[in-house]
Every structure is written in structure tokens, then in C-alpha cells.
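In: Turn this into a structure:
(2 chains)
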Amino acid sequence: MAASRVLSRALLEEHKSRGLLIAGNLAAWAAEPILATDFLRLKNLVDEAVSVNEDVYYAFIVNARGEILVHTFTNGFPVQLKTVNTLSDSQGSNRILLNTGDQLIYDFAVPVMVAGDRFGTVRLGLLRTRLSRAISNLSQMMLLGTGLVVTLAGLTGAMLARTVGKRIESLHQSIDRVMRGDLDVETAPPLKRNCWDIMQCTRQECPAYRESHLRCWYVAGTLCPSCVEGEYAKKIESCFRCVVYKACSGDEIQKLADSLDFMVRTLKNHLSDLKAVGATLSEQQQLLETVLNATPDFVSLQDKDSVYRSVNKAFCEIVDRNREEVIGKTDFDLFPRARAAANREEDLWILKSGEALTKEERVGKAGAERWIHLVKLPVRANDGTIIGVLCSGRDITEFKQLQERITQSQKMEAVGQLTAGIAHEINTPLGIVLGYAQLLLDEVETGTQVHADLKLIEKHTQVCRKIVADLLRFSRHTESKMAALDINEVIEEALAVVQHTFGLERVVVKRRLTAGLSRITGDAEKLKQALVNLLNNAFDAIGSDGAILVSSSVGETGEVLFSVADSGRGIPSEHMDKVFDPFFTTKGVGKGTGLGLSVTFGIIRDHGGKIEVQSPLPSVVAEQMEIMGEGGEDRVKGALFTVRLPAEQGQKPLLLS
Amino acid sequence: MQMRVCRALFVCFLLLSGCGRDEQATRVDLTKRQSVNLTEQKDVITYAFLPQYSHTVSYQRHHLLIEYLSRETGLNVKQIFPNTFDDHVRMVGEGRIDISYSNPFVYIKIARRFEARAFARAVEAYGKENFRGQIICRADNQEIRGLSDCRGKRWIAVDASSAGGYLYPLGHFAEHGIKREDFATIDFAPGPGGKQENVVLAVYSGKYDIGSIREGTLNVVANKIDISEIRVIANTRWYPGWVFAARKGLAPEVTGKINEALCGLDSGDPKQKEILTSADIFGIIPAGDKDFDAVRNLADRLSMDLN
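Out: Okay, here's the model as predicted:
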């Protein structure tokens, strides 16, 4: 209705403009005839205006004196009409609407001007009734037309909306499925003609060939001559011009569905790749964790704020917490404040300087102290900036102990060399003292005090000579007479020397010798000496009333073993490391030189063997000696010296029990 | 709820937007009729300017002069507008034109036919008592370089009764041995009115090769066309200028008052100069019938029919 009214107004305005134009033209044309007082031309003008224009109801011209010059009425001029629309000299025109009872008429008054002077007025009556009827009809037509258009548009819109809605619902369902994790959606309908039909293609190697669910413009590496190589972003511009795309791309909703399918397929592929990468990463992480956890060194990674980001198992053991309790914590949560502050200070120095820090430090409580070797390294990002600190530490307590032992050995070696020198120098005067003492003994009568004194001198000189001889044996590599030996024979020879003496003190010597042992290469005398030393040591440990077990056997790797076990008082644990040290003895002054075991150690070492000591006796050995429960606590401890000597090469042991 | 209200308001707006207040109509009864009669003014002295220009131009040029005459003489002087030269001549004979302002050729006609008598003549705007005709062509017309080139050409003249626009140029051609029959055609400008301008426009448009006008016409059309496109081939001799004549029987005292008023116009007076300038006249001087014998002689030489 608004449109109808606007149209009506426009038509009405046009109608008025037309009336004014006709009246204006009439006024222009009337100027000359008025001047010429040419009534015929004036009459023709007004008649023509009425006859040519159907809507012009009347026209007349009034002269400057207000007299009617010509008019188009028949049967006289309407009296009221002349004065109903007056026009002042200042007005260019005037228009009023007249109601004659059965007609609506626009009356226009336009002056006839010549050289600025008004010579008259043209009056024109333009029917509005006809126009109103036309407008009314037009409005009805428009209303009807609008109604029809609206109805048609509504029906068409409803049909379209239903179709579009159905397809959008399908899209929505697909998206819903995707959101639920189902990536096997195919939203776009199958094509009527596929690219291989349109292009008459038979290239089966093309990735889009016979893949009806794919849209070739989304597929990389298609083999059409017009295809541009590359992924979607590179080839799509050329695809836009392709006949396949034009034929198959469909409307906007189908394009949307195709895009969704392509997007979901791409997403699926990316997810598969991601899963594979994730699995690899997980495997790598597990591997790394395994390596890190398997290493005895403890490893930790801290960020710039010294917060632990990663630690291995060894680290967790050191701080006695599990991994979850360490990650995200700082040293202040794990260590005493002073220690944590020191660590933080070190971390800050590394973060600032970018240099590595290496140090050894002793940790733990007194009596259970451990030595730790620490390396702290800055961790850099790809751009070189330092993002954290990697700390790797190792328990070097055993290394430290070994280092101490090496130092001790070196010290003892120096002592040995010193001792050898001294012994060599003492040996000669001792020989002289002994010689003269023996010479004097021959000259002095037996039973006298002098003889007794000389005997005492001879005895202690002999002791000294033995000490010196032992020292020389310990420190000097005397020439060995190496030969193939049966260790059992050596044992028997050694036992023959000492067995009688031991028997006097009721010390029983037992044998568990394994026959058929591999022969060894060695100096029989030296080995006998070593064995005698071990037996003497055992005897000294027992004192009296005890048992000594001598056994021989084959080792796990084919070496030859022999051992001496005693039922003596055993060796205190604090002395275990020192029993082979020269001059180490627990015997009273004058009872032992402290060189016996040292000499034995040297002999075995020279034969490429090893000697070990255990105290108290292992229960198996104790049982073999049948000493379990015998005597007091001291007596059952005992000690076991085991010697391992390499078998002669090429020998195979003949194991006989 | 809010949506429903909005929809209802929208529908109401659509329905009501079609309604509007109509214009107020004035009631008029066309059934009451009466016959129309024009009242003839009495004691009117009619004045006519030979319609060589349009009535509008004629009015523009002379209405100040008419007002002046009415004011000076106390007579009810009105300008009337004959459509053609012939109408002018005829209306003088019929007594419908009391004072005729015409060219000398028309004057000698009305003098001979209706015994009209000249009492004053105009001094042209350029200060001369006489005026002349001009023969024109298009400035780019290469075929016409001199008067002799006009032979065989199409000639448009102002009117058979025009002095400057026909009689004088015809005399000029005759003096140079060119006769009427030497032209392809001799046509006269269509009327009524505006005949001088029509000649210039006809030549300008190329419809005619040459045209004849009174001197001064080119300035009249300067606002309509580019007058540099028009070339003046030749100017005629000088002949007496336009003439004020009284019809036979007009009271001598009326003629005397008018003559006195006309000749009393002083170009030194700004207001009166405006009257003269508007009428394209430099001044008005007294005249007698003999002043136009030269024109009569020319008409005779050319065997023009003055009856």
C-alpha cells in the first residue's frame, strides 16, 4: 500500500507538472497573438490544447484587463471560474484543485509575459478524476500483483527452504558426527558424472581415478593435462577454470559439503599422522626414560626458575621421593635451605654465564658419607637462549676408595724399596755379628754365662737375619724357577714342614684336596713359602687346640684354587684391608714381623694370581671343618685365605672329586 | 512476545502507510454561464511598427516610446501588431493604424495608396539620417567572393515590401548589372514577424546562399548565433531612414502633438535616451514626403509595384 501511495503521488505530481507545462507552453505561444490581437490564433491555441490532451478539460486566456479573450467552453463561459484562481503579478504560476460536483480539476494560472510586462493570463483545467480512477485501478492491480508475488514467493521460498534446510541438516549431522569423533563422514551426494567420465580419462594411476567420493580439485597430484602440480592451495586456481569443476562443483551448499568432506578427510589424515608421531614420541620418550633410568648416574632438568622438569630414577632414589613428588618442585622443596640456596646460586651463575660447572662433593651423614661427582650444563633453545640447567651426578664413593687404596699401594711400594735398601745394608753386618758370635761359641765353654749370652746373641741375630731375608723376598724380585707344578704336591710338601709343629699344640690339619687339578706354572719353593706363611698365620691365629683345613679345587673359570681355613679368632673387619700390608701384625712384640702375609701376597702376585681373605669363615667351610659350635665365640670365627692361580695354558682340568 | 508486538506494528505501518490526507478542493459551479464580450476602448491612437521583427521585439523596442507619447501628449496611444508588411499597409488604409512607423519603401506605398503623410523620420542608432541594406552569406562560403558571384545563387530577402531587406539590395544588384532573373530563387522570409532575423538564420543554416537585411540586424541576432560565421558581401547605398507617418484623416493636432513629442526626444536626457536606445533609434527629426523621393525613384527604376 505504501508503494501504491508513493506511485500515486508520483503520478499526481507528474500530472500536475504536465498541466503546468501545457499551461506554460500555451502562455508562451499566446504572447504574439495577444500582441497582434489575433483571436483566431488564440482560439486555435486553446482548442488545440484541449483536443490534443484528453485530460485538459478547458483552457481560456484573460487579457491584462481581466477580460476573457478566448475560451473552450460552449454555451457561454462559467461565471465562477474566472475569479476562482487569481494570480498576482509576483507569482510565476498558481494551481488550485476545483471540485465541480462530479469532477476534480486542477486549475492552472500562468501569466503571459512580454518584455517583463504582463499581457494576460492563461488558465487551464486539468481533470484529476480520470487520473484518480487510473491510480485506484493501478493500486488494486498492484495490491493483487503484490499478493500474488508474495504468495508465489512464499511458496517458492518454502520449497527452497525445505530443500536447503534438508541439506543443511545433513551438513549439521555430519558436523555433529565429526564432533563426536566419527571422521568417516561423506556429506556431499555422489556425482552424476565423475571427472574420468567428463575428461574421458583412463589413467588408473591418477589418485582421483574411480574415487567417486573424492573431488578431484581437492586431490593433490591429479594427472589431468590442465592440472597444476601441488596441494589444494596451489592447484585450486587452475581447477576453477576446469570443466570438471564447473560441472561438478554444484551450488554453495554442495561446495560447503565438499569442503567439509575434504576438511574431515584432511583432519583424519592429520590425526593419523599425529597418532603415529605421538606413538613414536611416546616410544622415544620411553626409550629415553629407560636409558635415563638405567644409567646409575642421576640426571635432572631444571628450568630457568630451577623448577624440576624431568628427573630419572637415580635422582629419585637420591632424594628418596618418587618422580611425581619431584616434578614441579624446586631445590627448596627437596633439600635443606642452605643447600638449596647454594644450588640456586650455582644455577643462576650457569644461566647467566652459559658455562658448565663440574664439582665433587661429599654428601650424607657421618659414617654413611658418599662422594658425588656433579656436572651442571646450560640447556639452550634453538635460538641459543638458555632455558634451563641439566644436572648429571655420579656416586664416586667406590672410585674414591680405590683411589685411596692406590695411593696406599704407592706408599707401600715406596716403603718396600726403602726397606730393601736398608735390609741389604743390614744383612752384611748381621752376617758378621752372627759369624763372630758362632766363632766365639766354639771358643767359649758350654754352660757358662758367656756361652749363654752368645747363644742369645746368635738366636736374635738369626731372627734379625730372617727378618732381613723376608724383607728382601718381599721387596726384591728374586729370580724365579718357573716350572709346571701340581699344586697338591706343593701343599703336601708345605704341610710336611709344619704339620709336626702344629700337632704339638693340638692343631689338627685337615685336607680336602681335589685330585687331577690342572697344573700350574710356578716356582715350587716360593709357592711352598707362601703356603707355609699362610699355615703359620693360621696356626698363630689358633694358638693351640684348633683345626686347619687346606683345600684345593677348580675355579669357575678353570683357574686353580687352594685355600687355608683356620678355626682361629678371626680377623676384625677394620683390619681386613690391612692384613697384607707389610709390618701389619696383631701379634705381640717379637712374635711376628708383619711380613709373612705381605711376602705371600707378593709371591701370589708374581704368579699372576690373586689372594682373598674372608672372616669369619663361610658356614660351608666351617661345616667342612666340623668346628661349628666348638669353643667360644672367638674361636669359631676363623679366617679363610683363598688363592687363585691361573692354570697352565692348554691344560684342561680333570675334575675328580 | 516482543517479536509479536513488532510484527503487529509493522503490519499496521504497512496498512496505514497507504492512507494520507488529500488536497482541499475549491467548490466551483460550472453550470452558471454567460457570454463573453470584449469592450472596445475608445479614443485610442493606434501606433504600429512595421513587423520586420517579432511582435515581442517590436513591443520591447517601442513600448517605452508608446508610454512616453501617452504621457507627453495626453493621448491614449496603444501599440498594435500587424502580422505582415501587407497587413501593416492594409491596416493604415483601413484606418486601424493611426501612426505608422515603417521603412521608406512601405511609406511610399501607403503614401501613394492611402495618402499617408510623413511627419518625422528616425536618425539611425549610428547617428545617420539614412540607412542601408546589406548582402550577406556564410563566412565559409568559398563560392561567393564578390557581388558577381551571387549570380545563380539562392537569395532570401526580408519581404517584398522591405526597404533595407529587399528594395535597396535589389537596386544595388541592378546597379551592378544583376537582375532578378539572374538568381536561382528569390524567396522572402516567413512571417509573421521576425523576418529580418529569419533571413540571417536561413543563410546561417545554409538553406540560402545569400541574404539581404537592413544594416543593424546582425546585432539583433548576435545572441542567437555566432555572427562571425556571417560575412557581409556588400552594403547598399544610403537611403532615408525609417519614417513616422500619419494616416489620412488623423486630426492634425494629434499629429502635431505626436510630432512635437517625438522630435522633442533628447538623447542627452538619460531617461529619453533609454527610450530612443530601446527603439534602436539615435534621434527623431521632422520630415516631409519629399524626403523619400530617392526611394520612389529607386522603386520606379526597379519597376516596383507601389499599388
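In: right, and the helix or strand after the one helix or strand A:A153 maps to?
Out: Assigned by DSSP states H and E, A:A153 falls within helix A:129-179. Downstream of helix A:129-179, the first helix or strand assigned by DSSP H and E is helix A:195-198.
In: Pull the residues that contact that following helix.
Out: A:201-202, A:206, A:208-210, A:216, A:222, A:224, A:243-244, A:247-248 (CB atoms under 8 Å, 6 or more residues apart in numbering or on different chains). Placement of C-beta: from N, CA and C, glycine included.
In: Just the buried subset of those, please.
Out: Among the contacts of helix A:195-198, those classed as buried by 16 or more other CB atoms under 10 Å in any protein chain shown are A:201, A:206, A:208-209, A:216, A:222, A:224, A:244, A:248.
In: burial count for B:N259?
Out: Counted by other CB atoms under 10 Å in any protein chain shown, the residues lying close to B:N259 total 20.
In: so where's the stretch 101-250 of chain A uncertain?
Out: By pLDDT under 70, the stretch 101-250 of chain A has no low-scoring segment.
In: Return the set of buried residues in stretch A:519-530.
Out: Buried, per 16+ other CB under 10 Å, within stretch A:519-530: A:519-524, A:526-530.
In: Now the terminal residues of it, how far apart.
Out: For stretch A:519-530, the first-to-last residue distance is 17 Å (CA to CA, to the nearest Å).
In: Helix, strand or coil: sort out A:E445 for me.
Out: The local conformation at A:E445, judged by DSSP: H, G, I helix; E, B strand; the rest coil, is coil.
In: Quick check: it touching A:L454?
Out: No. Between A:E445 and A:L454 there is no contact under CB atoms under 8 Å: 10.8 Å.
In: For A:R309, grab phi and psi.
Out: A:R309 has phi and psi values of phi -100, psi -30 when expressed as degrees, to the nearest 10.
In: again but with A:T585, I slipped
Out: phi -150, psi 150.
In: Need the nearest residue in space to it, chain neighbours excluded.
Out: Closest residue in space to A:T585, ignoring its immediate chain neighbours: A:G594 at 3.7 Å, by CB to CB, 6 or more residues apart in numbering or on different chains.
In: Look at A:E445 and A:L454 and report which has more neighbours.
Out: It is A:L454, of A:E445 and A:L454, that has more neighbours when counted by other CB under 10 Å, with 20 against 8.
In: Tell me which residues touch the more buried one, please.
Out: By CB under 8 Å, 6+ apart, the residues touching A:L454 are A:437, A:440-441, A:444.
In: related to what we said a few turns ago, just the ones of the buried residues of stretch A:519-530 in helices?
Out: Assigned to helices by DSSP state H, the following of the buried residues of stretch A:519-530 qualify: A:524, A:526-530.
In: and which of these is nearest chain B?
Out: Closest approach to chain B among these (CB to the nearest CB): A:A530, at 114.1 Å.
In: Double-check the closest one against A:L597; I have them as touching.
Out: No. Using CB under 8 Å, A:A530 is not in contact with A:L597, being 9.4 Å away.
In: tell me the domain ranges of the chain?
Out: You didn't pick a chain, so chain A it is. Taking automatic domain parsing as the domain assignment, the ranges for chain A are A:2-135, A:195-273, A:295-362+A:370-395, A:401-474, A:479-645.
In: I was thinking of chain B, sorry if that wasn't clear
Out: Looking at automatic domain parsing, the domains of chain B come to B:44-129+B:240-301, B:133-237.
In: and A:L281, which of these is closest to it?
Out: Between A:L281 and the domains of chain B, the tightest spacing by CB to CB is seen for domain B:133-237, at 93.4 Å.
In: Pull up the distance across the closest one, start to finish.
Out: For domain B:133-237, the first-to-last residue distance is 8 Å (CA to CA).
In: Could I get the average pLDDT for it?
Out: For domain B:133-237, the mean pLDDT works out to 90.
In: How far away from the center of its chain is it?
Out: 17 Å (CA atoms, centre = their mean, to the nearest Å).
In: does the most centrally placed residue in chain B count as helix, strand or coil?
Out: Centroid-nearest residue in chain B: B:Y53, 2.6 Å away (criterion: CA atoms, centre = their mean). At B:Y53 the chain is in coil, as set by three-state DSSP.
In: For the stretch 101-250 of chain A, which residue gets nearest to chain B?
Out: As assessed by CB to the nearest CB, chain B sits closest to A:A115 within the stretch 101-250 of chain A, at 4.3 Å.
In: Might one say that A:G558 is in contact with A:A647?
Out: Yes. Using CB under 8 Å, A:G558 is in contact with A:A647, at 5.5 Å.
In: ok, these two, which is more surrounded?
Out: A:A647 (20 against 12).
In: Excluding covalently adjacent residues, which one is nearest to that one?
Out: A:S518 (3.6 Å).
In: Repeat that for B:M91.
Out: B:I97 (4.5 Å).
In: For A:Q302, which of the domains of chain B is the nearest?
Out: That would be, of those and by CB to CB, domain B:133-237, which comes in at 99.7 Å.
In: give the contact list for B:I135.
Out: With CB under 8 Å, 6+ apart, B:I135 has these contacts: B:147, B:150, B:169, B:172-173, B:210-212, B:232-236.
In: Filter those down to the buried ones and express that as a ChimeraX selection.
Out: Only the buried entries of the contacts of B:I135 go into this ChimeraX selection, using 16+ other CB under 10 Å:
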select /B:147,150,169,172,173,210,211,212,233,234,236
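In: Make a markdown table out of the contacts of B:I135 and add distance to chain A and secondary structure.
Out: Below are the contacts of B:I135 laid out as a markdown table (distance: CB to the nearest CB, whole Å; DSSP: H, G, I helix; E, B strand; the rest coil):
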| residue | distance to chain A | secondary structure |
| --- | --- | --- |
| B:L147 | 36 | helix |
| B:C150 | 33 | helix |
| B:P169 | 27 | helix |
| B:H172 | 32 | helix |
| B:F173 | 33 | helix |
| B:I210 | 28 | strand |
| B:G211 | 23 | strand |
| B:S212 | 24 | strand |
| B:V232 | 29 | strand |
| B:I233 | 32 | strand |
| B:A234 | 33 | strand |
| B:N235 | 31 | strand |
| B:T236 | 30 | coil |
